[in-house]
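J.: sharing a model prediction with you, sequence too.
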Amino acid sequence: MSDSSLRDDGPEAHRPLRVLVADKNGHFRETVRRVLTRLGRCVASGEASTIAEVIAEVTRSRIDLVLLDVEMVTSDRLAELKRLATRLPDLKVAVLLSDDTPEYRQAVLVHGGHFSVAKAHLEEQLPPVLNSVLARTATSLA
């Protein structure tokens, strides 16, 4: 299995991973959708350009993972992430980072994000995140 492939481990593994793409930039959302399609095993179940749209979508839809641009939330970005994690504890969140530093990645984890993905390295860093969420989803449904 290459780093860019997604696992296919049994019958439940055939259910596509439902991903919400949340970014202010419509062109970047489209880029993420194309990457998800190319990787397979995922379906972009929705898009959001504000945190209010994210909350509305995840409360009415069965979303497995939110790809959340840290730049789109309120001025206190990490506090907003913590509020989202508190409100929806089963939801997995991968924060899309423009500024990818070890300190920022650690802060994302501390404030309720499950994963960090550098926007500049989306195609390399997204597959391991998707595999992790697929594994957790299959385990929780077993």
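T.: Arrived safely.
J.: ok, residue 23 touching residue 30?
T.: No: using C-beta atoms under 8 Å, residue 23 makes no contact with residue 30, being 9.7 Å away. Glycine gets a C-beta too; all of them are placed from N, C-alpha and C.
J.: got a list of what the spatially most central residue of the chain touches?
T.: By C-alpha atoms, centre = their mean, the chain has its centre lying nearest to residue 67, at 2.8 Å. Neighbour list for residue 67: 19, 20, 21, 22, 23, 32, 94, 96, 117, 126 [criterion: C-beta atoms under 8 Å, 6 or more residues apart in numbering].
J.: gap between the second one and residue 103?
T.: Remark: distance between residue 20 and residue 103 (C-beta to C-beta, to the nearest Å) = 26 Å.
J.: what segments of this protein are strands?
T.: In the chain, the strands defined using DSSP state E lie at 17-22, 42-48, 65-69, 92-97, 115-118.
J.: would you mind getting the angle between the third one and strand 42-48?
T.: By that I understand strand 65-69. For strand 65-69 against strand 42-48, the angle by axes from the mean of the first three to the mean of the last three C-alpha atoms, to 10 degrees is 50 degrees.
J.: how far is strand 65-69 from where the chain is centred?
T.: For strand 65-69, the separation from the chain centroid amounts to 3 Å (computed by C-alpha atoms, centre = their mean, to the nearest Å).
J.: helices and strands of this protein: which one bottoms out on pLDDT?
T.: helix 77-87 (a mean of 75; mean pLDDT, DSSP states H and E).
J.: put the alpha carbons of that helix into CSV.
T.: What follows is helix 77-87, C-alpha atoms only, in CSV (Å, rounded to 0.1, in the frame of the first residue of the first chain):
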residue,chain,number,x,y,z
ARG,A,77,-9.4,30.4,16.3
LEU,A,78,-8.3,27.7,18.8
ALA,A,79,-11.1,28.6,21.3
GLU,A,80,-13.6,28.1,18.5
LEU,A,81,-12.1,24.7,17.8
LYS,A,82,-12.4,23.8,21.4
ARG,A,83,-16.1,24.8,21.4
LEU,A,84,-16.7,22.6,18.4
ALA,A,85,-15.0,19.6,20.0
THR,A,86,-17.0,20.1,23.2
ARG,A,87,-20.3,20.4,21.4
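J.: fine by me, we can end here.
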